[in-house]
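Asks: Model the structure of this input:
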Amino acid sequence: MNIRTWGRDRLVRDSFDLDEVAGIQSGLDRIASGEQMAHPVSNALRQLVAVVE
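Replies: Next up, the predicted model:
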């Protein structure tokens, strides 16, 4: 997920508190820069595409 991309999406702007979105981005930036430590994250996200003909 790329917050820099979806954070500017119209649906996000219309549906969520933009200060909260900015706070999430700021927190992720601090973690990415090493300024703030975070526990490891395990991601098991999968995608299934089914086509019915």
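Asks: and the helix-or-strand element of the chain with minimal mean pLDDT, what does it pack onto?
Replies: When the helices and strands of the chain are scored by mean pLDDT, DSSP states H and E, helix 3-6 comes last with a mean of 85. If contacts are counted by 3 or more Cβ pairs under 8 Å, 6 or more residues apart in numbering; DSSP states H and E, helix 3-6 sits against helix 18-33. The C-beta positions use only the backbone N, C-alpha and C, and glycine is treated the same way.
Asks: Are there helices or strands packed against the helix it packs on, and which ones?
Replies: Going by 3+ Cβ pairs under 8 Å, 6+ apart, helix 18-33 lies up against helix 3-6.
Asks: residues in contact with the helix or strand just after the helix it packs on?
Replies: Proceeding N to C from helix 3-6, the next assigned helix or strand is helix 10-15, under DSSP states H and E. Here helix 10-15 makes contact (Cβ atoms under 8 Å, 6 or more residues apart in numbering) with 6, 21.
Asks: What mean pLDDT does helix 10-15 get?
Replies: For helix 10-15, mean pLDDT rounds to 89.
Asks: Kindly report the same for stretch 45-53.
Replies: 81.
Asks: would you put the C-alpha positions of it in PDB?
Replies: Listed next in PDB are the C-alpha coordinates belonging to stretch 45-53 (Å, rounded to 0.1, in the frame of the first residue of the first chain):
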ATOM      1  CA  LEU A  45      -2.000 -10.300   2.100                       C
ATOM      2  CA  ARG A  46      -3.000 -12.300  -1.000                       C
ATOM      3  CA  GLN A  47      -5.000 -11.600  -4.100                       C
ATOM      4  CA  LEU A  48      -7.300 -13.900  -6.000                       C
ATOM      5  CA  VAL A  49      -8.700 -13.000  -9.400                       C
ATOM      6  CA  ALA A  50     -11.600 -15.200 -10.600                       C
ATOM      7  CA  VAL A  51     -13.000 -15.100 -14.100                       C
ATOM      8  CA  VAL A  52     -16.300 -16.600 -14.900                       C
ATOM      9  CA  GLU A  53     -17.000 -17.300 -18.600                       C
END
